[in-house]
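Colleague: heads up, no residue letters with this:
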């Protein structure tokens, strides 16, 4: 035999194959792994055990998990820019958000008169954390024939899909216009909530929306509690017009008025409105846009993950009755509109 066969080196030597009488020397390296494993995952014989397929599954899972996390973080869903992330939900029970009514203006107390009793009211919005996920199964033959590392890319594809799904669940609320529990009225309602108009996007539309938001009253209708808009959520179709309005220092109404300041531009009093461009909105309307207040100042849209599932969870299972591998991804969250006062919509049709 050649010297290389008489004196194995490298991996074979580390596997204890230096003795020609060693039964593992008759197999290829891959064969040695499988032949050395009993159903219990240990080496058949004396001495230290080889790594089992279960060990390799863990290693592969670790590699997949790393790819999964990286791929998930590469996606930049726009909902995170303006939606409040609530504390994690501990379970699947109802999530309640209670809105406490405001105390109205304080009355003057004439000399000798008693102080009047005041009352307050409250309301609530409720939602649930819902589980999302799927399974992809690969046959052993498909995995062995995979020379493009498609196995690893499963994690990336699943994670990207999950990120899109979360993003869509948020924007579906804007498009569906749900009924709120506090008053039984839809989120955007011009008559009851004073937060929906039809003006086409521009300075005039933004000015009208600003008035509506700043003059909102609280739950008891006794005090003005409106807050200014912080985010402008719009479809891609409006991106050019939005950029011109928010980035121009001069008034766009007349190109000759170079000395007139654009109040929504970088030098205007209403500067700082942050644009959020979302392609999901274009399929519904290329003209409708939304204003949202800072969620640190007032409730708007809220999303809560199940505790421990702030990122997707990835599982891997080997088939037994048939050769193959099953890959499962899951993540649990709930999303709801909490209050209408910090949100405004314009259909842009005017």
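Modeller: Nice, I can see it. Here the structure is a predicted model, which is why all the values come from computation and not from measurement. Numbers count the residues shown, from 1 in each chain.

Colleague: Check the separation of the first and last residues in stretch 215-224.
Modeller: 6 Å (C-alpha to C-alpha, to the nearest Å).

Colleague: Just the mean pLDDT for that stretch, thanks.
Modeller: For stretch 215-224, mean pLDDT rounds to 84.

Colleague: Okay, now the unreliable bits of the stretch 251-350 of the chain?
Modeller: 251-271, 350 (pLDDT under 70).

Colleague: what's the spacing between residue 163 and residue 109?
Modeller: The gap separating residue 163 from residue 109 is 57 Å, by C-beta to C-beta, to the nearest Å. To be clear about C-beta, it is placed using only N, CA and C from the backbone, and glycine gets the same treatment.

Colleague: Same question for residue 310.
Modeller: Residue 310 sits 51 Å away from residue 109, going by C-beta to C-beta.

Colleague: rewinding a little: between residue 163 and residue 109, who's got more neighbours?
Modeller: It is residue 163, of residue 163 and residue 109, that has more neighbours when counted by other C-beta atoms under 10 Å, with 20 against 10.

Colleague: Wait, the more buried one touches residue 80, no?
Modeller: No. Counting by C-beta atoms under 8 Å, residue 163 does not reach residue 80; the two are 10.2 Å apart.

Colleague: does residue 204 sit in a helix, a strand or a coil?
Modeller: State at residue 204, reduced to three classes by DSSP: H, G, I helix; E, B strand; the rest coil: helix.

Colleague: ok, now residue 76?
Modeller: Using three-state DSSP, the structure places residue 76 in coil.

Colleague: And for it, the neighbour number?
Modeller: Around residue 76 there are 9 residues (other C-beta under 10 Å).

Colleague: Next: residue 113.
Modeller: Close neighbours of residue 113, defined as other C-beta under 10 Å, add up to 9.

Colleague: what does residue 276 give?
Modeller: Residues near residue 276, counting by other C-beta under 10 Å, number 19.

Colleague: now the longest helix along the chain, how far from the chain's geometric center?
Modeller: Longest helix of the chain, by residue count under DSSP state H: helix 150-176. Centroid displacement of helix 150-176 relative to its chain, using C-alpha atoms, centre = their mean, to the nearest Å, is 8 Å.
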